[in-house]
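J.: this is a predicted model, with the sequence first.
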Amino acid sequence: MAQAVDQSDRQQALSREIAARRDDLVALTQDLIRIPTLNPPGEFYRDICEYLARRLEKSGFAIELLRAIGTPGDSERHPRWNVIARREGGRSGPCVHFNSHIDVVETGAGWTFDPFAGTVADSRIYGRGACDMKGGLAASIIAAEAYVALWPDHPGAIEISGTADEETGGYGGVAWLAEQGYFSPERVQHVIIPEPLNKDRICLGHRGVMWAQISTHGRIAHGSMPFLGDCAVRHMGAVISEMENSLFPALAKKRTAMPVVPDGARQSTMNINSLHGGQTEPEAGFTGFPSACVPDRARMVIDRRYLIEEQADEVREEIVALLERVKAERPGFRYDFEELWQVSPTMTSVESPVVKAVERGIRSALSCEPVHVVSPGTYDQKHIDRIGRLKDCIAYGPGILDLAHQPDEYVGIDDMIDSAKVMAFAVDDLLHGRA
Ligand SMILES: [Zn+2]
């Protein structure tokens, strides 16, 4: 009982401390939005890392600025900078790490606000990256700063990282840092990624991905005598027809126990990412006509999302079996199948400490029941899990997932405050081993 009273006193102190930092939270989020870290190509990474370093140094964080030299996209013009800030409390204990990506996607059309002004209107902050995920990054910083202001001699360590390139696969960010050992279980024990999943939801992981390229082959001939050639596009048409008849219906039947949101993604899915056959697209401004040829090659890229109940081998064999069926029925059909990349599905156990701690934080701070979700697409948890071998990892943060990458993206100020409280409560539980 004494401990319960003590814990609720601590949570009240944290809530007050965070509420008092509301203006600071808004200003911090605006500052982050005003650094236009567009990716591609990966602009202003060094600027935002230095900004975060200057800020966190003041609260006793030790800073490392790390460039992922030689990773995809890294160049002298667009270096892949990352920042890791670590604060040791001076007593032994675990390390709780908040990881946010610093990059944002292109703005696109349709904005009514300046995407890099960080305008405040109706208790929201607008801008590219407001929700995905500079609002989450700012909330985690405020949570950590409030925590160390109250208890500078906390047990264990708190880390905050700002990492590059999540929007393009994370190879110059979390993947590279994990390879260097920054996400090894000996160094970090609990990870929260403040992606915009809504403040009452805990994201346990994501579905798997397999990208692959299917090519069909034919023979070139004059377009006036197509019977003398062999049309690779018609062969590809047969592949698509077989997908419509057998594969898409089969995928729709593969339902998962993973709590994927939205509901349409609670099954296997496949997107045809691109399709090309025949002559290459003419350059912009070319005014001539095509030449008369039978296409001898067609190429399709598929984006298959799979479930924790499926194995990568099965996913691969399902496509190859489809191609073999077409081959058996279709004279002259030749194909290549090439896997481009693959990410395994991941789902953290609901019994794991970080899930339990954030669940309790949501109940205490928001007085509601937490909801477990799984993301339809992957995010940096894949690298923390697979390269870092660190399993106690979730995504939890403010913002509405549907607004990510949209025009007039925003984050609610109250949502940031609420989720900062949840994060701070979870830190307190995890550092004291109460989870
Ligand atoms: Zn994101």
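T.: Looks like it arrived, so ask away. Numbering: from 1, shown residues only.

J.: out of everything not next to it in sequence, what's closest to residue 103?
T.: residue 39 (3.6 Å; CB to CB, 6 or more residues apart in numbering). Glycine gets a C-beta too; all of them are placed from N, C-alpha and C.

J.: quick one, what contacts the one you found?
T.: 73, 103, 104, 105, 164, 165, 167, 168 (CB atoms under 8 Å, 6 or more residues apart in numbering).

J.: and it, what are its phi and psi?
T.: phi -140, psi 130 (degrees, to the nearest 10).

J.: can you list the residues of this protein near the ion?
T.: Counting by CB under 5 Å from the ion, the chain comes close to the ion at 132, 133, 195.

J.: now the buried members of those residues.
T.: Buried members of the residues of the chain next to the ion, scored by 16 or more other CB atoms under 10 Å, are 132, 133, 195.

J.: got the confidence number for the closest residue to the last one other than its chain neighbours?
T.: It stands for residue 195. Computed as CB to CB, 6+ apart, the closest residue to residue 195 that is not its neighbour in sequence is residue 395, at 4.3 Å. As predicted, residue 395 sits at a pLDDT of 98.

J.: is it true that residue 395 touches residue 166?
T.: No - using CB atoms under 8 Å, residue 395 is not in contact with residue 166, being 11.2 Å away.

J.: anything in contact with each of the two?
T.: With CB under 8 Å, 6+ apart as the test, residue 395 and residue 166 both reach residue 379.

J.: mind listing the residues bridging to the residue in the stretch 201-350 of the chain that the ion sits nearest to?
T.: The minimum distance from the stretch 201-350 of the chain to the ion, using CB to the ion, falls at residue 203 (11.2 Å). Per DSSP bridges, the residues bridged to residue 203 are residue 373, residue 395.

J.: surely it and residue 377 touch.
T.: No - using CB under 8 Å, residue 203 is not in contact with residue 377; the gap is 11.1 Å.

J.: out of those two, which sits in the busier spot?
T.: residue 203 (27 against 11; other CB atoms under 10 Å).

J.: residue 384 versus the more buried one, what's the distance?
T.: Using CB to CB, to the nearest Å, residue 203 is found at 13 Å from residue 384.

J.: what do you get for residue 223?
T.: 53 Å.

J.: residue 207 contacts residue 375, doesn't it?
T.: Yes - the pair residue 207 and residue 375 passes the contact test of CB under 8 Å, sitting 7.4 Å apart.

J.: looking at these two, which is more packed in?
T.: With neighbours defined as other CB under 10 Å, residue 207 and residue 375 compare such that residue 207 has more, 28 against 21.

J.: end to end on stretch 247-258, go ahead and measure it.
T.: End-to-end span of stretch 247-258 (CA to CA, to the nearest Å): 21 Å.

J.: tell me the secondary structure at residue 133.
T.: The three-state label given to residue 133 by DSSP: H, G, I helix; E, B strand; the rest coil is helix.

J.: that one against residue 194, yeah?
T.: Yes - with contacts defined as CB under 8 Å, residue 133 counts as touching residue 194 at a distance of 6.1 Å.

J.: how about residue 19: what's its closest non-neighbour residue?
T.: residue 417 (6.6 Å).

J.: all strands of the stretch 1-150 of the chain, in order?
T.: For the stretch 1-150 of the chain, strands defined by DSSP state E, counting those that start in this stretch occupy the ranges 62-67, 81-88, 91-101, 120-121, 124-126.

J.: can you add mean neighbour count, mean pLDDT and distance to residue 349 and give those back as a markdown table?
T.: A markdown table is the format used below for these (neighbours: other CB atoms under 10 Å; pLDDT from 0 to 100; distance: least, CB to CB, whole Å):
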| stretch | mean neighbour count | mean pLDDT | distance to residue 349 |
| --- | --- | --- | --- |
| strand 62-67 | 16 | 98 | 30 |
| strand 81-88 | 23 | 98 | 26 |
| strand 91-101 | 22 | 97 | 17 |
| strand 120-121 | 12 | 98 | 39 |
| strand 124-126 | 23 | 98 | 34 |
